[in-house]
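# What follows is a predicted structure for the sequence shown.
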Amino acid sequence: MLYTSKTRGEVTEKDLAGEFSKFVTLGDVEVHYEFAKGKKTDTLVVLLHGFGANTFSYRKIINEFTNYGDVVSYDRPCFGLTVRPKSWGGQNPYSFPAQVKLLDDVIEHFGPGKKVILVGHSAGAGIAAQWAVDHQNRLSGLVLEEPAILNTPPTRGVIGSLFRSRLFNRLGPRLVSGFKDTGLKILYKSWYDKSGITEEVLHYYTLPLKVIGWEAAFWEFTRQGVNSTIQDRLGDFKIPVLVFVADHDEIVSRTQIRKVAELIPNSTLVEITNCGHIPHEEKPKAFLQAVSDFLSQR
């Protein structure tokens, strides 16, 4: 069981959601999302958060993207307040292919037939790029912010086999229960200027960990690993792509980020100075200006 019901006196994602939170069922998943109506009717902007984050990551700048079209930000399965499914009929929703399929479902639900602008941060950039390489005719813009694309997932090879064994599957939720502490360390490591990590930031980053049973879902996500081909297909992009690299990113190798930009034939690399792993939170003005400059040339 990956999440438990309120009838047992336990906390679910919807218990924690505010009165203005919205959910939509796509496939086997009840997806938590935030939506902003855009000034253009022919374009949909999709914002994809990184590992351990959620829609809060974009909350303060989501309205800035309404200049380009309708905007949707959603919590990926295992993160935020998207309901952690305990069973499914098709693909495992915590797997990488299913996360790419969910992005497709989000696009078709909120912007059928529309042009698409994708903004993906860190691990979310990998999902955005995987969808984008096969749908370049739909894209009006692709933004890869601190892309975690060339790093090697720890769940491949022998380690991957162990993670998927019955023994590890039983022990897994206990093994990842310490992520509450590890996650905070990662968050602080993600910012160059630690003063930006306010009580509000801490609240929204840790809120999903109050869901009873989050450990089982997190373990399921962890053991699925990343089954992606995008690392070998970066040269297939024929559209302009904007890539961000921050000068003090301690989460994703800056060398790997620059390599991503080199492998994409028509990319623009923008460096954000005095900034850590999350430019759109730590340096929103510089981030938005670079995005505006890029999209104005499209």
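Yep, it's here.

# Distance from stretch 272-291 to the middle of the chain?
Taking CA atoms, centre = their mean, to the nearest Å, the mean C-alpha location of stretch 272-291 is offset from the chain mean by 17 Å.

# tell me which residues of that stretch are tucked away?
Neighbour-count burial for stretch 272-291 flags 272, 275-283, 286-288, 290-291 (criterion: 16 or more other CB atoms under 10 Å). The way it works is simple: take the backbone N, C-alpha and C, and place the C-beta from them, glycine included.

# now, which of those residues lie within helices?
Among those, the ones falling in helices (DSSP state H) are Pro279, His280, Glu281, Glu282, Ala286, Phe287, Leu288, Ala290, Val291.

# Distance to Asp15 and pLDDT added to these, as CSV?
Formatted as CSV, those follow (distance: CB to CB, whole Å; pLDDT from 0 to 100):
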residue, distance to Asp15, pLDDT
Pro279, 33, 98
His280, 28, 98
Glu281, 26, 98
Glu282, 31, 98
Ala286, 37, 98
Phe287, 33, 98
Leu288, 34, 98
Ala290, 38, 98
Val291, 35, 98
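
# which among those gets closest to Ile239?
Val291 (15.3 Å; CB to CB).

# quick one: secondary structure of the closest residue to that closest one other than its chain neighbours?
Of all residues not flanking Val291 in the chain, Val143 sits nearest, at 6.0 Å (CB to CB, 6 or more residues apart in numbering). Look at Val143: counting by DSSP: H, G, I helix; E, B strand; the rest coil, its state is strand.

# quick one: low-confidence parts of the stretch 151-298 of the chain?
Residue ranges of the stretch 151-298 of the chain with pLDDT under 70: 152-179.

# Tell me where it has helices.
With helices called from DSSP state H, counting those that start in this stretch, the stretch 151-298 of the chain shows them at 157-163, 166-175, 179-190, 199-206, 214-224, 254-263, 279-282, 284-296.

# that older thread, of the buried residues of stretch 272-291, closest to Thr198?
Proximity of those to Thr198 (CB to CB) peaks at Glu281, which lies at 10.6 Å.

# just to revisit the earlier point, could you check the helices of the stretch 151-298 of the chain and tell me which one is nearest Ile62?
Judging the helices of the stretch 151-298 of the chain by CB to CB, what sits closest to Ile62 is helix 279-282, at 10.3 Å.

# Spell out the residue ranges of the strands in the chain.
In the chain, the strands defined using DSSP state E lie at 22-26, 29-36, 43-48, 70-74, 115-121, 139-145, 241-246, 267-272.
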